[in-house]
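1. Sequence first, predicted model second:
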Amino acid sequence: MNTKYVFVTGGVVSGLGKGITAASLGRLLKNRGYKVTIQKFDPYINVDPGTMSPSEHGEVFVTNDGAETDLDLGHYERFIDESLTKNSSVSMGQIYSSVIEKERTGTYLGKTIQVIPHITNEIKDKIYSFEDSDTDIVITELGGTVGDMEGLALIEAIRQVGLEKDIDDVCYIHVTLLPYISGSKEIKSKPTQHSVKELQSFGIKPDVLVARADDHIPQSMKEKIALFCNVRPENVIENLTANSLYEVPLLLEEQGLARAVCKKLKLEKVESNNENWIELNKKIKKCKEEVKIAIVGKYMQLEDSYLSVVESLRHGGYDNGVKVKIGFIDSEKINQENVTEKLKEYQGIIVPGGFGNRGIEGKIEAIKYARENKVPFLGICLGMQMAVVEFARNVLNIKDANSAEFDKETKHQVIHIMEGQKKVTKKGGTMRLGSYPCIIKEGTLAQKVYGKSEISERHRHRFEYNNEYREVMEKAGLICSGTSPDGNLVEIIELKDHPYFIAGQFHPEFQSRPDRPSPLFSNLIKATKKLK
């Protein structure tokens with residue numbers, strides 16, 4: 001079978017759920033027996049999200065191969081349960097950088113470099129990069145909205161794909177908005193009509209319209225949209241806001257999204273097998289009991305800064321039959337005097353990753369509170385490092401203990417940078433990025449949690465546990481229960497005589513799935529449920 005291509009564009013406004021639509025379609029096609037992958041093109045000129053502010057752009061998602069990507073890749077992986085690669089996350093900054101580098105090295109033999117064909121060819125190379133793999137269907141989401149200046153080359157490139165490939169191998173999906181005007185009590189189709197007209201002006205006729213609406217779309221409205229937008233009425237797909245993200249694929253299945261795509265692409269396997277997804281949603285709906293978990297972080301202007309952590313907590317809740325109510329606590333506003341008041345209502349605490357010294361002392365206070373009050377605690381990346389600092393300061397009484405990231409002058413750098421590490425250099429420091437193995441010590445909480453002696457988790461950091469303090473820490477009760485295969489890098493720490501106190505140098509949230517939650521999150525919820 002030829003590789004099939006599905007392109008998902010958006011119109012009217014951003015934030016309509018193109019990523020969830022693409023991810024949901026990926027799940028529905030996978031449930032029909034197809035090998036599916038998803039990629040995201042972002043129109044911004046930044047080379048990658050790695051140095052972009054989480055408060056502005058949301059979390060940086062990391063793939064197994066160490067790519068720092070847009071958070072939508074997290075949705076893709078959670079829905080289609082496939083590990084994606086650097087080829088699945090492309091920014092216009094990467095495209096321009098690649099073209100300019102080729103021009104500088106003479107690849108184009110002195111030709112005038114233009115958006116068409118050089119930029120568009122580079123984009124198409126990324127789209128076609130899956131053709132030598134076993135992928136049946138490539139779903140490509142275009143960031144931004146149709147008409148954005150930064151994204152015009154992307155629209156032109158996917159138009160060219162429609163000409164270069166067989167007509168049965170390409171499908172265009174446009175996600176748009178049907179606003180409800182409360183004054184006149186009407187759903188308005190004009191924004192959708194204008195958006196489709198804009199898309200058509202660039203040479204692309206959408207095959208399927210996915211319309212976001214607050215209420216059900218009457219059949220008469222679907223027929224009107226179909227007439228004015230030049231699509232079939234059955235290909236106007238209603239997309240309502242769901243109670244759970246993981247309900248969206250089933251709602252879109254009912255509306256006929258996958259059937260419409262299968263028909264356009266002449267796919268033979270059209271019968272769905274959504275039983276596992278149906279069972280997952282039944283499990284979600286049965287969750288009645290509630291536990292409260294605090295995420296103590298410093299990127300609180302945008303909750304998407306911790307999107308994968310939030311979703312992993314929900315996954316852990318599904319696994320334990322409970323709803324997880326999440327409190328976002330700004331670590332900059334926590335101090336020794338108010339920490340109890342801030343955290344007393346929560347049954348569990350997470351201190352997630354991050355960079356920079358803002359809000360660090362508040363994180364340390366939250367960790368101290370969890371340790372002393374036997375509150376179940378999970379530390380992630382920087383959260384693990386701060387757990388080491390807190391233990392050194394308040395148990396070993398090394399008052400100036402700190403991370404070299406925050407205090408280069410202290411004599412007690414219990415967290416330090418290890419020069420010569422593998423992977424990527426950024427801002428003058430070495431980063432450990434991507435998936436690394438970890439060997440777990442027998443008889444530890446970590447072994448009980450994971451149920452195995454070797455795991456692999458994804459990393460994104462440049463500072464490490466200082467082994468000079470390892471022996472004294474362990475004697476005092478902070479156990480190094482997971483290390484790199486050579487034993488040199490500490491990957492997991494845990495506390496003796498505590499209901500649940502564990503932290504990893506990695507990001508377990510990146511591999512959590514709704515039907516296969518990260519063990520660290522699932523067991524955190526299990527511990528909070530026991531103590532409730």
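-> In hand now; what should we look at?
2. gap between whichever strand or helix holds Val414 and the chain center?
-> Val414 belongs to strand 413-417 when assigned by DSSP states H and E. Offset of strand 413-417 from its chain centre (CA atoms, centre = their mean, to the nearest Å): 29 Å.
3. Check which helices and strands that strand sits against.
-> helix 382-394, strand 402-403, strand 463-465 (3 or more CB pairs under 8 Å, 6 or more residues apart in numbering; DSSP states H and E). Heads up, the C-betas are built off the backbone N, CA and C, glycines and all.
4. give me that answer again for 6 Å
-> Counting contacts by 3 or more CB pairs under 6 Å, 6 or more residues apart in numbering; DSSP states H and E, strand 413-417 packs against helix 382-394.
5. residues contacting Leu257?
-> Ile237 (CB atoms under 6 Å, 6 or more residues apart in numbering).
6. Could you do Leu73 as well?
-> Per CB under 6 Å, 6+ apart, neighbours of Leu73: Phe61, Leu84, Ser88, Ser89.
7. Was I right to think the second one contacts Val62?
-> No. Leu84 is not in contact with Val62 according to CB atoms under 6 Å; the separation is 10.6 Å.
8. export the strand holding Val414 as PDB, just CAs?
-> C-alpha atoms of strand 413-417 as PDB (Å, rounded to 0.1, in the frame of the first residue of the first chain):
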ATOM      1  CA  GLN A 413      27.400  21.200  45.800                       C
ATOM      2  CA  VAL A 414      25.300  18.100  46.500                       C
ATOM      3  CA  ILE A 415      24.100  18.500  42.900                       C
ATOM      4  CA  HIS A 416      26.700  19.400  40.300                       C
ATOM      5  CA  ILE A 417      27.400  19.400  36.600                       C
END
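9. Which positions within that strand qualify as buried?
-> Gln413, Val414, Ile415, His416, Ile417 (16 or more other CB atoms under 10 Å).
10. where does the stretch 301-450 of the chain have low pLDDT?
-> Within the stretch 301-450 of the chain, the segments meeting pLDDT under 70 span 419-429.
11. Filter the contacts of Leu73 down to the buried ones, ChimeraX style.
-> Per 16+ other CB under 10 Å, the buried members of these correspond to this ChimeraX selection:
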select :61,84,88,89
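12. Assign a three-state SS to Lys374, would you?
-> The local conformation at Lys374, judged by DSSP: H, G, I helix; E, B strand; the rest coil, is coil.
13. The one 5 residues further on now?
-> Recorded secondary structure, Gly379: strand (three-state DSSP).
14. Show me what it bridges to in the sheet.
-> Listed by DSSP bridges, the beta-bridge partners for Gly379 are Val351, Ala503.
15. Pull the contacting residues for it.
-> If you count contacts by CB under 6 Å, 6+ apart, Gly379 has them with Val351, Ala387, Ala503.
16. Run through the chain and note the low-pLDDT ranges.
-> 419-429, 532.
17. Okay, and the residue sitting nearest the centre point of the chain sits in which element?
-> Residue closest to the average C-alpha location in the chain (CA atoms, centre = their mean): Gly74, at 2.7 Å. For Gly74, the host element (DSSP H and E) is helix 72-80.
18. Which elements pack onto the helix or strand just after that helix?
-> Downstream of helix 72-80, the first helix or strand assigned by DSSP H and E is strand 89-91. Here strand 89-91 touches strand 36-42, going by 3+ CB pairs under 6 Å, 6+ apart.
19. Name every strand pairing with the strand it packs on and say which way it goes.
-> By DSSP bridges, strand 36-42 pairs with strand 89-91 (parallel), strand 137-142 (parallel).
20. re earlier: with adjacent residues omitted, what lies nearest to the residue nearest to the centre of the chain?
-> Using CB to CB, 6 or more residues apart in numbering and skipping the chain neighbours, the partner closest in space to Gly74 is Phe61 (4.5 Å).
21. How about the one you found: which residues does it bridge to?
-> Thr69.
22. element containing Arg32, please.
-> Using DSSP H and E, no helix or strand contains Arg32.
23. State the distance from Lys286 to Asp48.
-> 40 Å (CB to CB, to the nearest Å).
24. of these two, who's got more company?
-> Comparing Lys286 with Asp48 by other CB atoms under 10 Å, the one with more neighbours is Asp48, at 20 against 10.
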